[in-house]
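Novice: the following comprises the amino acid sequence and a computationally predicted model.
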Amino acid sequence: MAATVNSSVVVGRPVEDVFSYILDLPSNGPEWAPDLESAQKTTDGPIGAGTTFQQVQHVMGKRRKTSLIFTAVEPNHRIAAEVKAGPMTLTMSVTFDDTEAGTLVTADGGASGRGPLRLLEPLFARQGQKIWDARLARLKEVLESSASS
């Protein structure tokens, strides 16, 4: 994976609160992810590794349907996911670390394409960086404002 994304923010809330909020993607995703219109869980059972979702996102000026799978869920520590967006595969890992100021949330990942789309990996990484920077800024805003109300 040549093109990468790395974004982080400290949210003034306990790890357990931030982790559980992000884990419940269908209920909370559209609130903290400005590009996400909806996420519908497509597997039975509790959310965990192997849970799949169908998403509707607004990316690069277009409304796109994508498939997402949580590839790893380590309670209160890490959520890893893979998104299929046409011929592109995007992988992300979101980690949660306890700090004196709250929870350090870090998103790492990147994009990989097949064939000629490999040339577009840097473009997708730049777009992914903007998306994750906006998502984490919004996450901080939403969770810290709800803590003070």
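Specialist: Perfect, I can see it now. Residues are numbered from 1 along each chain as shown.

Novice: report the longest helix in this protein, please.
Specialist: The longest helix of the chain (DSSP state H) is helix 121-148.

Novice: so what does it touch, helix or strand wise?
Specialist: Contacts defined by 3 or more CB pairs under 8 Å, 6 or more residues apart in numbering; DSSP states H and E place helix 121-148 against strand 3-11, helix 15-23, helix 25-32, strand 88-99, strand 102-113. From N, CA and C alone the C-beta is placed, and that goes for glycine too.

Novice: how about a cut-off of 10 Å?
Specialist: In terms of contacts (3 or more CB pairs under 10 Å, 6 or more residues apart in numbering; DSSP states H and E), helix 121-148 is packed against strand 3-11, helix 15-23, helix 25-32, strand 52-59, strand 88-99, strand 102-113.

Novice: just how off-centre is the last one within its chain?
Specialist: Think strand 102-113. 7 Å (CA atoms, centre = their mean, to the nearest Å).

Novice: who does that strand pair up with?
Specialist: Take DSSP bridges as the rule and strand 102-113 pairs in its sheet with strand 3-11 (antiparallel), strand 88-99 (antiparallel).

Novice: now the angle from the lowest-mean-pLDDT helix or strand in the chain to strand 52-59?
Specialist: Lowest mean confidence among the helices and strands of the chain (mean pLDDT, DSSP states H and E): helix 121-148, at a mean of 85. Here the directions of helix 121-148 and strand 52-59 differ by 100 degrees (axes from the mean of the first three to the mean of the last three CA atoms, to 10 degrees).
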